[in-house]
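> Here is a sequence together with a model predicted from it:
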Amino acid sequence: MFIAGNLVYALAEIIGWVLQFFTWVIIARAILSWVSPDPYNPIVQFLYKVTEPVLYPIRRLMGSYNIGIDLSPMIVILIIMFLKRFLVGTLIGIAQRLG
C-alpha cells in the first residue's frame, strides 16, 4: 500500500501544480485585457487559446449580469481555489491513509 499512497500523493502534487499554473495564466490573461496587446504575439495567442474555453462558458452564464467588468477570471480563480482545497486535499488525505 506504500506505493499506492506515494502514487496518489504524486498525483495530488501534479494536479496542484497544474491548477496553480492555470491560475497564473488566468491572471496574465486578465492583466492583458487591461491593455491593447498585439493579437499576433505568440504569447497572447497562447493565453487566449488556453483560457478562452474556460472563461467563455462563465461569461455566457453571466451574460445577463453585464456590469461593464469581466468577472469571469475571478470566478474561475475561485473555482480553482475550491478544486485545490477539495480535490488535492482529498487526494492527499487518501495518500496518507494508504501510506
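That came through, no problem. Not measured: the values here are computed from a predicted model.
> what stretches of this protein score poorly on pLDDT?
For the chain, residues meeting the criterion pLDDT under 70 lie at 64-66.
> can you give me the helices for the protein?
Secondary structure of the chain by DSSP state H: the helices cover 2-32, 42-61, 72-83, 89-98.
> buried set for stretch 75-94?
76, 77, 80, 84, 88, 91, 92, 94 (16 or more other CB atoms under 10 Å). Where you see a C-beta, it was placed from the backbone N, CA and C, and this is true even at glycine.
> and the residue nearest to residue 58 when sequence neighbours are not counted, what is it in contact with?
Nearest residue to residue 58, sequence neighbours excluded (CB to CB, 6 or more residues apart in numbering): residue 72, at 4.0 Å. Counting by CB atoms under 8 Å, 6 or more residues apart in numbering, residue 72 touches 55, 58, 59, 62.
> Buried members of the residues you listed into PyMOL, please.
Buried members of these, defined by 16+ other CB under 10 Å, are picked up in PyMOL with:
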select buried, resi 55+58
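> Now the contacts of residue 72 in JSON lines, please, with extra columns for distance to residue 7.
Below are those laid out as JSON lines (distance: CB to CB, whole Å):
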{"residue": "55", "distance to residue 7": "33"}
{"residue": "58", "distance to residue 7": "33"}
{"residue": "59", "distance to residue 7": "37"}
{"residue": "62", "distance to residue 7": "39"}
